[in-house]
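A.B. asks: Predicted coordinates and the sequence they were generated for:
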Amino acid sequence: MQQIDEIKKERMELASERISEIAGETSVPAPYGRYFREEALFIVQMLNLAEQIGKHETQQWSLEEWQRCNESIYADILPVQYETCFGNPEYAVKELGEVHGRILSFLYTEIRGLIVFAFEQRWEDILILCELFIEVYNCFEEEELPTYRQIQQIVYWYVSDYSDQTITYRIREAVDPSLDFAARIIMEEDLSDLRYLYKYGEYITDSIVDTARFLNSLPQEEIDRIASVYTEGYRMGFVLGNKDLSKKKTVNIRYILGFERIIRKAIENFAQMGLKPAIYRSAVNSINKREHIRIGYYGAIPNKQFEYDHKGDAAIYLDRAFMERKLGVLRSAYEEYKELANTHAGPACIETFGEVPFVPVNKEAAYRLSEKQQKLSVEIANETAQITNRYIIGEERSFTIIAFPVPEIGEKFEEIFAETVKINTLDYQLYQRIQQTIINALDRGKKVHIQGKGVNKTDLTVSLIDLRNSEKETIFENCVADVNIPVGEVFTSPRLAGTNGVLHVSEVYLNELRYENLEITFKDGMIADYTCSNFKTEEENRKYVRENVLYHHDTLPMGEFAIGTNTTAYVMAEKYGIGDKLPILIAEKMGPHFAVGDTCYSWSEDTPVFNPDGKEIIARDNEVSILRKEDLSKAYFGCHTDITIPYKELGRLAVLDEEGRETVIIEDGRFVLPGTEELNKPLSNLP
């Protein structure tokens, strides 16, 4: 056993022996006995796997052996078996009852973290999960069944007491390049031997294998070109933001498995910038998760409904005392790794698209935060952002994001991949000139009026901040291909006062969730009302939007207004019928979009930002973010969700000057402002 002292090794041996016994015991009455035996067998399987990996026995496995292993450890949560799986809170409640079903479903989910810990040889994490399982099991061996409170308290203190370990390790993962589990796979494995994919411990599908196989088929020059667009965008984020990259030592690389050939070249490129990779996996401990959203690297998601069912599991333990404990550990962890944090440059992300869109089912049996807990969740997110920003200083870091399709997008995957590479490498100088023409018109305005057409009911007026000196200042940023790839938008932080009306989109995907007829009403820039038509009742619709767009806040400001100009991307979406599968990174460039939450400049509003023409972008604050000068907790929300109106649903977008005179920029989904005609050329190729 690695990375474990003698006392813990002895505890591990005792726990392992006890769990092996539980797998064959019948002392716990039905229906609970079956649950614990199944869980014990899974734990024994993971302990055996961890031993095999530790002894390097798996190095000789064939591809078929790796595939069988991967299938066996993820089989129970796959959709085909999920209906009769204890990880499904609905099934757990049905089989184990209202009192114990939900919380034992949480235990089931938490224990699945053993997969990651086995592959990474994290024996201390394995130990605490094994001991948690035994402690809960012991309660069911008593003459009387335990109360919910008894089990809840065991879980509460497990999460709280071990937060020193779970949170601290998570912070270290984000900034310490010596935790190089993934980096070693990327740089040392033979990427032409697809067995490497299974050595992460992530779920591997044909799509991931086919992605890796496809990238292996590309010439090295093409891989170099793709990787260079990605890394150069990152470098330019520092150049254009007037930030000193030479002070930084690490970059966080986030990607989906299968893209290792590109990542390997990217790591080499980053090394030339003086940056080492800090690559961490998406979180497996409940305490480190952000609901169902994965942040970090990961493989295929075995079952998105499973993840969605457990996004509210923090309801078991979230109270004010826990919040204070978590924030205290977070402060201590950052203080411990402050030198590493201070030299961290920020994330470089590769996103994917093409997966089958996910439409969640809301289950009564799943945990949900209470109203009080929702407020605590908002408070934690806000305070966490403040703590993080003190150590990884927002004004000194940057980021970049780029996206590529995966084979699940269909039989034309290779064709769509080539089109995406083309979109990611469009002539930024051409877009820069055209977008400057749009900005010049916008800078003369006081408001922008946006109207939908057909099924789209948008009727929204966005108020712009006052331009003090048009010779040296501008309101909108001219966004070319740097941090936000591909090219194609101009954006601003709108004035909240006077921003009023209804934003409506007939169909949109936000953070992998589908919304039908999403409708948001703004009053003086703040969300005043919201709904959608996903569910049968208005209560369910509002709850869905509140949880997944407002993130439990009572309201959010409009943090960004932008006009997307990438008509080439829009045509690709229409040509291949993939508009519902594009990530927001591309979708936001395909029409006007509006972000709810923080501004694009959050935590770095005081850092001057300039357009290529040398003018300073002065619209970096709004009436909410400026409150940071009085009280940080009132200024930020920890979220920024872009909602795009596609060109086909856009009737009119016009800028109004002080006298109310209009300058129309887009009409009936086409650019009509003189100097922007080039943007309409791709639209002539619409199917």
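C.D. replies: Looks like it arrived, so ask away.
A.B. asks: Contacts only, for the residue lying closest to Glu124 once chain neighbours are set aside.
C.D. replies: Sequence neighbours aside, Ile4 is the residue nearest to Glu124 in space, at 6.0 Å (criterion: Cβ to Cβ, 6 or more residues apart in numbering). All C-beta atoms are positioned from the backbone trio N, CA, C, and that covers glycine. Contacts of Ile4 were listed using Cβ atoms under 8 Å, 6 or more residues apart in numbering, and they are Met12, Trp123, Glu124, Leu127.
A.B. asks: measure the closest residue to the second one other than its chain neighbours to Leu63 for me?
C.D. replies: Right, the one you point to is Trp123. Using Cβ to Cβ, 6+ apart and skipping the chain neighbours, the partner closest in space to Trp123 is Ile4 (4.2 Å). Distance, Ile4 to Leu63, using Cβ to Cβ, to the nearest Å: 31 Å.
A.B. asks: Equivalent analysis for Glu623, please.
C.D. replies: 58 Å.
A.B. asks: Arg235 too?
C.D. replies: Taking Cβ to Cβ, one finds Arg235 at 38 Å from Leu63.
A.B. asks: Settle it for me: which of these two has more neighbours?
C.D. replies: Arg235 (22 against 13; other Cβ atoms under 10 Å).
A.B. asks: Could you pull out the helices in the stretch 501-650 of the chain for me?
C.D. replies: 538-548, 567-576, 584-587 (DSSP state H, counting those that start in this stretch).
A.B. asks: any idea whether Arg368 is helix, strand or coil?
C.D. replies: Here Arg368 takes the coil state, with states given by DSSP: H, G, I helix; E, B strand; the rest coil.
A.B. asks: my guess is it contacts His310, does it?
C.D. replies: No. In this structure Arg368 lies outside contact range of His310 using Cβ atoms under 8 Å: 11.1 Å.
A.B. asks: which of the two has more neighbours?
C.D. replies: A side-by-side neighbour count of Arg368 and His310, using other Cβ under 10 Å, places His310 first with 24 against 15.
A.B. asks: Roughly how far does the closest residue to Gly501 other than its chain neighbours sit from Tyr601?
C.D. replies: Among residues not flanking Gly501 along the chain, Leu460 sits closest, at 3.6 Å (Cβ to Cβ, 6+ apart). In this view, Leu460 and Tyr601 are 22 Å apart by Cβ to Cβ.
A.B. asks: Quick check: can you list the domain ranges of this structure?
C.D. replies: The chain breaks down into these domains under automatic domain parsing: 6-157, 173-400, 426-685.
A.B. asks: Turn those domains into CSV, including mean pLDDT and distance to Phe413.
C.D. replies: Formatted as CSV, the domains of the chain follow (pLDDT from 0 to 100; distance: least, Cβ to Cβ, whole Å):
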stretch, mean pLDDT, distance to Phe413
domain 6-157, 97, 22
domain 173-400, 95, 7
domain 426-685, 93, 10
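A.B. asks: so which of these comes closest to Glu414?
C.D. replies: Between Glu414 and the domains of the chain, the tightest spacing by Cβ to Cβ is seen for domain 173-400, at 6.7 Å.
A.B. asks: Surely Leu330 and Arg390 touch.
C.D. replies: No. Using Cβ under 8 Å, Leu330 is not in contact with Arg390, being 10.7 Å away.
A.B. asks: Comparing the two, which residue is more hemmed in?
C.D. replies: The neighbour comparison of Leu330 against Arg390 (other Cβ under 10 Å) goes to Leu330, with 21 against 15.
A.B. asks: most remote residue from the protein's center?
C.D. replies: Glu143 (45.5 Å; Cα atoms, centre = their mean).
A.B. asks: Now do the same for that residue: helix, strand or coil?
C.D. replies: Per three-state DSSP, Glu143 ends up coil.
A.B. asks: For it, grab phi and psi.
C.D. replies: phi -60, psi -40 (degrees, to the nearest 10).
A.B. asks: packing partners for the longest strand along the chain?
C.D. replies: Looking across the chain with DSSP state E, the single longest strand is strand 495-510. Applying 3 or more Cβ pairs under 8 Å, 6 or more residues apart in numbering; DSSP states H and E, one finds that strand 495-510 makes contact with strand 459-463, strand 513-523, helix 584-587, strand 640-644.
A.B. asks: picking that back up, which residues touch the residue nearest to Gly501?
C.D. replies: His449, Ile450, Gln451, Thr499, Asn500, Gly501, Val502, Leu503, Phe522, Phe594.
A.B. asks: separation between it and Asn541?
C.D. replies: With Cβ to Cβ as the criterion, Leu460 and Asn541 are 20 Å apart.
A.B. asks: Pro682: how many residues sit nearby?
C.D. replies: 15.
A.B. asks: what do you get for Leu683?
C.D. replies: By other Cβ under 10 Å, 16 other residues sit near Leu683.
A.B. asks: quick one, strands of the stretch 201-350 of the chain?
C.D. replies: 250-254, 276-278, 344-353 (DSSP state E, counting those that start in this stretch).
A.B. asks: So for Glu17, which of the ones you listed sits nearest?
C.D. replies: Closest of the strands of the stretch 201-350 of the chain to Glu17 is strand 276-278, at 37.4 Å (criterion: Cβ to Cβ).
A.B. asks: Partner strands of the closest one, with direction?
C.D. replies: Sheet partners assigned to strand 276-278 using DSSP bridges are listed as strand 250-254 (parallel).
A.B. asks: what's in contact with the strand it pairs with?
C.D. replies: 174-177, 234, 263, 266-267, 270, 275-280, 295-297, 340, 343-350.
A.B. asks: go on, stretch 671-680?
C.D. replies: The contact list for stretch 671-680 (Cβ under 8 Å, 6+ apart) reads Leu430, Ile434, Thr437, Ile438, Ala441, Thr565, Thr567, Thr663, Val664, Ile665, Ile666, Arg670.
A.B. asks: List the ones among those residues that fall in helices.
C.D. replies: Using DSSP state H, the subset of the contacts of stretch 671-680 located in helices is Leu430, Ile434, Thr437, Ile438, Ala441, Thr567.
A.B. asks: Out of these, which end up buried?
C.D. replies: Ile434, Thr437, Ile438, Ala441, Thr567 (16 or more other Cβ atoms under 10 Å).
A.B. asks: Check those and tell me the two furthest apart.
C.D. replies: Counting by Cβ to Cβ, the most remote pair of those is Ala441 and Thr567, 17.8 Å apart.
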